[in-house]
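Asks: My questions are about this predicted structure, shown below with the sequence.
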Amino acid sequence: MNWVDYAVITIVVWSVLMGCWRGFVHEVLSLLAWVAAYMVASWQAAHFAAFMPSELQMEAVRVAFAFVLLFIATLVVSGVVVWLVSRFVRWTGLGWVDALFGGVFGMLRGMLLVLVLVLLAGLTDMPKKSFWREAMLAESLESMALASLVWLPDNMARHVSFGLHNENQE
């Protein structure tokens with residue numbers, strides 16, 4: 001095992017531990033809060049731009065400023081809701097179930113993060129380097145990444161390559 005293997009293991013283990021510590025409810029609601037913050041900011045930034053300070057003379061700057069403020073405000077409000085709901089779940093005695101499913105969620109999130117990093121590496125010459133080829137997990141990670149190419153846009157997917165471990169690609 002080399003540093004690539006240890007990095008992959010660290011990412012997944014850290015994500016599992018964070019999921020267990022925060023709990024499933026917190027993890028899922030936090031993810032939804034980010035989505036909601038983006039949607040609220042996207043939908044309302046142009047409307048709120050009119051209320052921005054007159055010192056912001058360019059329309060694009062006012063819209064961008066409104067977007068950031070709405071995004072942050074939505075995250076803050078959502079954060080309070082997430083905290084309250086998480087506390088309620090623990091108060092009901094379901095904390096251990098919440099932690100267990102939070103760990104599963106964390107494992108899936110960690111694996112998704114590793115997959116994204118492997119796909120990004122496949123866009124570079126990193127998989128041709130000796131440290132990559134010597135990693136015990138490299139071949140499995142490459143197989144997982146290649147299987148996920150169907151979900152990427154074609155113009156990006158065709159540039160993902162892993163060299164030695166997948167000679168049959170293309």
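Replies: All right, it came through fine. Numbers count the residues shown, from 1 in each chain.
Asks: tell me what the helix or strand of the chain with the lowest mean pLDDT is packed against?
Replies: Least confident helix or strand of the chain, by mean pLDDT, DSSP states H and E, is helix 154-157 with a mean of 86. Applying 3 or more Cβ pairs under 8 Å, 6 or more residues apart in numbering; DSSP states H and E, we find helix 154-157 packed against no helix or strand. Just so you know, the C-beta spots here come from the backbone N, C-alpha and C atoms, and that holds for glycine as well.
Asks: who touches the most centrally placed residue in the chain in this structure?
Replies: Centroid-nearest residue in the chain: residue 113, 6.2 Å away (criterion: Cα atoms, centre = their mean). Counting by Cβ atoms under 8 Å, 6 or more residues apart in numbering, residue 113 touches 11, 15.
Asks: distance of it from residue 51?
Replies: 37 Å (Cβ to Cβ, to the nearest Å).
Asks: and what of residue 124?
Replies: Taken as Cβ to Cβ, the span from residue 124 to residue 51 is 44 Å.
Asks: So between those two, which is more surrounded?
Replies: Counted by other Cβ atoms under 10 Å, residue 124 and residue 51 do not tie: residue 124 has more neighbours, with 12 against 9.
Asks: does the closest residue to residue 119 other than its chain neighbours count as helix, strand or coil?
Replies: Among residues not flanking residue 119 along the chain, residue 145 sits closest, at 5.1 Å (Cβ to Cβ, 6 or more residues apart in numbering). For residue 145, the reduced secondary structure class is helix; criterion used: DSSP: H, G, I helix; E, B strand; the rest coil.
Asks: swap in residue 160?
Replies: coil.
Asks: That one against residue 124, yeah?
Replies: No - applying Cβ atoms under 8 Å as the test, residue 160 and residue 124 come out as separate, 9.9 Å apart.
Asks: show me where pLDDT drops low in the chain?
Replies: 164-170 (pLDDT under 70).
Asks: Show which residue of it lies farthest from the average position.
Replies: Of all residues in the chain (Cα atoms, centre = their mean), residue 54 lies farthest out, 36.2 Å.
Asks: for stretch 7-16, the distance to its chain's centre please.
Replies: Relative to its chain's centre, stretch 7-16 lies at 14 Å (Cα atoms, centre = their mean, to the nearest Å).
Asks: Please name the nearest non-neighbouring residue to residue 52.
Replies: residue 62 (4.2 Å).
Asks: residues near that neighbour, how many?
Replies: Residue 62: 21 neighbours (other Cβ under 10 Å).
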